[in-house]
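[1] pasting the sequence and the predicted model now:
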Amino acid sequence: MLLIPKILTNLPIFWGIHDWLNFILACIIIYVVNFYFNYFTRINPLPGPFPIPIIGTIYALKGGIGKGILLLQKRYGEIFEIWYLSNRRIILSNAEYIDKILTSSTKSKYLKRNIKNEGLMELGTNFQGILHNSDINTWRFNKHFINQVMLSSSFNNKSIDLTHKLWYEMEKYLNNLNDENILIDLSPWMHRFSTDMIVEVITGKRSYSLPIYYNKTSKKDDKEEIPSIAIKESEELIDRLHKFLRNLPIFVFLPYWIRHYVPIIKNKTKEALINRDWLFQRILAIVKERRKEIEEIHDNKLLNNDMLTLLIIANTDKDSKSLVEEKFSRPMTDQEIMSVILDSFIGGSDTTSHFMCFIVYRIAKNSKVLKRLRQEIDSIYEKDRTRRVTPEDLINLNYTEAIIKETARILPVSPIILRFNSEDDEIAGYKWPKNTAFTMHFAGIHHNERYWKNPEEFNPDRFMFNEEIKNSLIIFGGGLRACPARKMSMIVLKCLIILIYRNYDIELIDKDLDYSSTIINTCNKLFIKMKPRQD
Ligand code: HEM
């Protein structure tokens, strides 16, 4: 009889502070022993910084993830390992090692960018859409549709038209600011440009982040007139999208108990989920509204060629171009379209703007490059500096393309990409079990002397005369999981370079590039002086 009360007093509710401290200490010891047991018995031990429980080797990533991995590569070579929290990542900085991962074969074992991730599941993006979707069947279905839309010539012609329209608008604002002697930071301007671009390309509807920013920046009284409802709608959607992006790491990296029980973080998680719900519902409402509008249009020729419209009509009787193959023969549901639209916003909202800032920086630092660029521009447009840029012009802009490639080689917007193998496989001479995390280190390959002579030197000419070694330059990823917007992004960048450098000289205010290096490289600020072209 006495035994029962004794057992009861051992229950945690009767524990004192010392019992709890002992319990926590025991848990920590078990965790640490387990962590190092896994570490010392891991398959194929590779060089790399020594991991510390919980934080892994994050401490060794000096200057941010991208910069940090590049520095570690110089020390540990073409294949090494880092630990992200308790997860091992194999870093590959050799073009041959990533060949298998980037294969275009439908039988590829490397189609997953992440495996089942409890955080992404809670966020609702682990099994839908494209970007984080680790369910290969639904990803294939969605990717097929987005590829068909984004690689079509009518869609890309629309991108050229929009680049002209938005540049002329931005040019007017920048010139006004120049007249007011207001210093121009190109980074937020490019950010607004690409936001308005991506919203219109996706939804076919105007967004107003450029004029809104101008009105905030200019000190003049004659502001741009923008319908107030448009300001509210446009700002709110964009603001919520950026919040969604900023909140992603909470779900990708933090375990459930930290997200939901640690003070401050648990409030952030709650806010992030409310934001997610708002966003999903808003985009779903946009899809439904458009579907209704389309149903009311009887002449197919009047249909717009934005992504949303093309996705809605695919495989319906409105789809005169028979957009999709037989095996993907049903139309997309509203929910599927919503998830693809969301991922396109995420994938496209910042990438082009940072890329363009890096290009402007490199050209401003290299007067010879500017001279060659102008020669190419003038050879096509002669004295006519106002003619529209055509799709045919873009094909002939070889040096312009070389500048874009060389900028991406020196500082890629996307320096690393993660992939998991769905079956056991051999990479770099080692046998790896399924679900090993491989990080393709594009920035490392771009700076590897095995592929590039004087890799630290900015020299677009290297793309004019030499054959590129396979996988030695990767801008948009590769294989079936490659960026669906690769064609569109190159078009927008080339077109912008022409529109800017045909008419303007750009001087840098600061000598050094101010950028941050996380999983993407982002331009923090780029103060410039934009003056009419002198020569
Ligand atoms: C210059 C700008 C851009 C760069 C450098 C870039 C780069 C990349 C890279 C490296 C990947 C990963 C590919 C892989 O795993 O092999 C990717 C994927 C993706 N990008 Fe882009 N991107 C850009 C612009 C855009 C734009 C404008 C959009 C949307 C309209 C977009 C949407 C996506 C999507 C949805 C994916 C996921 C594809 C999949 O998982 O199958 N990107 N991008």
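    Happy to help now that I have it.

[2] quick one, what contacts the residue in the stretch 351-500 of the chain that the ligand sits nearest to?
    Residue nearest to the ligand within the stretch 351-500 of the chain (Cβ to the nearest ligand atom): G477, separated by 2.0 Å. For the C-beta atoms, the positions are set from N, CA and C on the backbone; glycine is no exception. Counting by Cβ atoms under 8 Å, 6 or more residues apart in numbering, G477 makes contact with 102, 414, 417, 483.

[3] elements contacting the helix or strand hosting A26?
    Element membership for A26 (DSSP states H and E) is helix 17-40. Counting contacts by 3 or more Cβ pairs under 8 Å, 6 or more residues apart in numbering; DSSP states H and E, helix 17-40 packs against no other helix or strand.

[4] now do the buried residues in it.
    35, 39 (16 or more other Cβ atoms under 10 Å).

[5] now swap in stretch 50-58 and tell me
    Buried residues in stretch 50-58, counted by 16+ other Cβ under 10 Å: 51, 53, 56-58.

[6] what do you get for stretch 201-212?
    Quick answer for stretch 201-212 (16+ other Cβ under 10 Å): 201-205, 207-212.

[7] before we move on, back to that, what's the spacing between the helix holding A26 and its chain's center?
    38 Å (Cα atoms, centre = their mean, to the nearest Å).

[8] got it, and stretch 494-513?
    23 Å.

[9] as PDB, could you dump the C-alpha coordinates of that stretch?
    The C-alpha trace of stretch 494-513 is given here as PDB (Å, rounded to 0.1, in the frame of the first residue of the first chain):
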ATOM      1  CA  LYS A 494      18.800  42.000 -72.000                       C
ATOM      2  CA  CYS A 495      16.000  44.400 -72.800                       C
ATOM      3  CA  LEU A 496      16.600  46.500 -69.700                       C
ATOM      4  CA  ILE A 497      20.400  46.700 -70.400                       C
ATOM      5  CA  ILE A 498      19.600  48.000 -73.900                       C
ATOM      6  CA  LEU A 499      17.000  50.500 -72.700                       C
ATOM      7  CA  ILE A 500      19.300  51.900 -70.000                       C
ATOM      8  CA  TYR A 501      22.800  51.900 -71.700                       C
ATOM      9  CA  ARG A 502      21.500  53.100 -75.100                       C
ATOM     10  CA  ASN A 503      20.700  56.400 -73.500                       C
ATOM     11  CA  TYR A 504      22.300  56.800 -70.100                       C
ATOM     12  CA  ASP A 505      25.700  56.800 -68.300                       C
ATOM     13  CA  ILE A 506      25.600  55.400 -64.800                       C
ATOM     14  CA  GLU A 507      28.100  56.300 -62.200                       C
ATOM     15  CA  LEU A 508      28.400  54.600 -58.800                       C
ATOM     16  CA  ILE A 509      28.400  56.600 -55.600                       C
ATOM     17  CA  ASP A 510      30.000  53.900 -53.500                       C
ATOM     18  CA  LYS A 511      33.000  51.900 -54.700                       C
ATOM     19  CA  ASP A 512      32.100  48.600 -53.100                       C
ATOM     20  CA  LEU A 513      29.100  46.500 -53.700                       C
END
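
[10] assumed C523 was part of a helix.
    No - looking at C523 with DSSP: H, G, I helix; E, B strand; the rest coil, it is strand, so not inside a helix.

[11] sorry, back to before: contacts for the next helix-or-strand element following the helix holding A26 next, please.
    As assigned by DSSP H and E, the chain's next helix or strand after helix 17-40 is helix 65-76. Contact partners of helix 65-76, identified using Cβ under 8 Å, 6+ apart, comprise 46-49, 60-63, 80, 82, 91, 93, 415-416, 439, 441, 443-444, 447, 517-521.

[12] next, the buried residues of helix 65-76.
    65-70, 72-73, 76.

[13] cool, and stretch 163-172?
    Residues of stretch 163-172 classed as buried by neighbour count (16+ other Cβ under 10 Å): 163, 166-167, 169-170.

[14] right, is that stretch up against the ligand?
    No - contact of stretch 163-172 with the ligand (Cβ under 6 Å from any ligand atom) is absent, the minimum separation being 12.1 Å.

[15] what's the average pLDDT for that stretch?
    Stretch 163-172 comes out with an average pLDDT of 97.

[16] CA atoms only: put that stretch into CSV for me.
    The C-alpha trace of stretch 163-172 is given here as CSV (Å, rounded to 0.1, in the frame of the first residue of the first chain):
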residue,chain,number,x,y,z
THR,A,163,9.8,45.8,-69.8
HIS,A,164,9.5,48.7,-72.1
LYS,A,165,6.4,50.1,-70.4
LEU,A,166,7.8,49.8,-66.9
TRP,A,167,11.2,51.1,-67.8
TYR,A,168,9.8,54.2,-69.5
GLU,A,169,7.7,54.8,-66.4
MET,A,170,10.7,54.3,-64.1
GLU,A,171,13.0,56.4,-66.3
LYS,A,172,10.6,59.3,-66.0
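
[17] could you list the residues in contact with it?
    189, 192-193, 196-197, 210-211, 388-389, 491-492, 495-496, 499-500.

[18] what's the distance between the residue lying closest to I294 once chain neighbours are set aside and the ligand?
    With sequence-adjacent residues excluded and distances taken as Cβ to Cβ, 6 or more residues apart in numbering, I294 is closest to I312, at 5.8 Å. In this structure, I312 and the ligand are 17 Å apart, going by Cβ to the nearest ligand atom, to the nearest Å.

[19] need the three-state assignment for the closest residue to the ligand within the stretch 151-300 of the chain.
    Minimum separation of the stretch 151-300 of the chain from the ligand (Cβ to the nearest ligand atom) falls at I198, amounting to 5.9 Å. Each residue gets one of three states, and I198 gets helix by three-state DSSP.

[20] cool, K431 as well?
    strand.

[21] could you shift the numbering so residue one becomes 719, and keep it that way?
    Right, with 719 as the first residue, what we last looked at is K1149.

[22] got the contact list for the one residue sitting closest to the centre of the chain?
    The residue lying closest to the centre of the chain (Cα atoms, centre = their mean) is G1065, at 4.4 Å. G1065 is in contact with 848-849, 1201-1203, counting by Cβ under 8 Å, 6+ apart.

[23] list the beta-bridge partners for the closest residue to I776 other than its chain neighbours.
    Using Cβ to Cβ, 6+ apart and skipping the chain neighbours, the partner closest in space to I776 is Y802 (6.9 Å). Note on Y802: beta-bridge partners by DSSP bridges are G774, N805.

[24] so where's this structure shaky on pLDDT?
    719-724, 1038-1045 (pLDDT under 70).

[25] show me where it has strands.
    Using DSSP state E, the strands of the chain run over 797-802, 805-810, 902-903, 1134-1138, 1143-1145, 1148-1150, 1155-1159, 1222-1226, 1232-1235, 1239-1243, 1245-1250.

[26] just say which of these is most tucked in.
    strand 1155-1159 (a mean of 24; mean count of other Cβ atoms under 10 Å).

[27] so which elements touch that one?
    Secondary elements touching strand 1155-1159 (3+ Cβ pairs under 8 Å, 6+ apart): helix 783-794, strand 805-810, strand 1134-1138.

[28] and the longest one with strand 805-810, angle?
    Computed with axes from the mean of the first three to the mean of the last three Cα atoms, to 10 degrees, the direction of helix 783-794 lies at 70 degrees from that of strand 805-810.

[29] chain center to helix 783-794, what's the gap?
    20 Å.

[30] any idea how far the nearest residue to E1094 once chain neighbours are set aside lies from R831?
    Setting aside the residues directly before and after it, E1094 is nearest to Y1117 in space (Cβ to Cβ, 6+ apart), at 4.4 Å. From Y1117 across to R831, the span is 34 Å (Cβ to Cβ, to the nearest Å).
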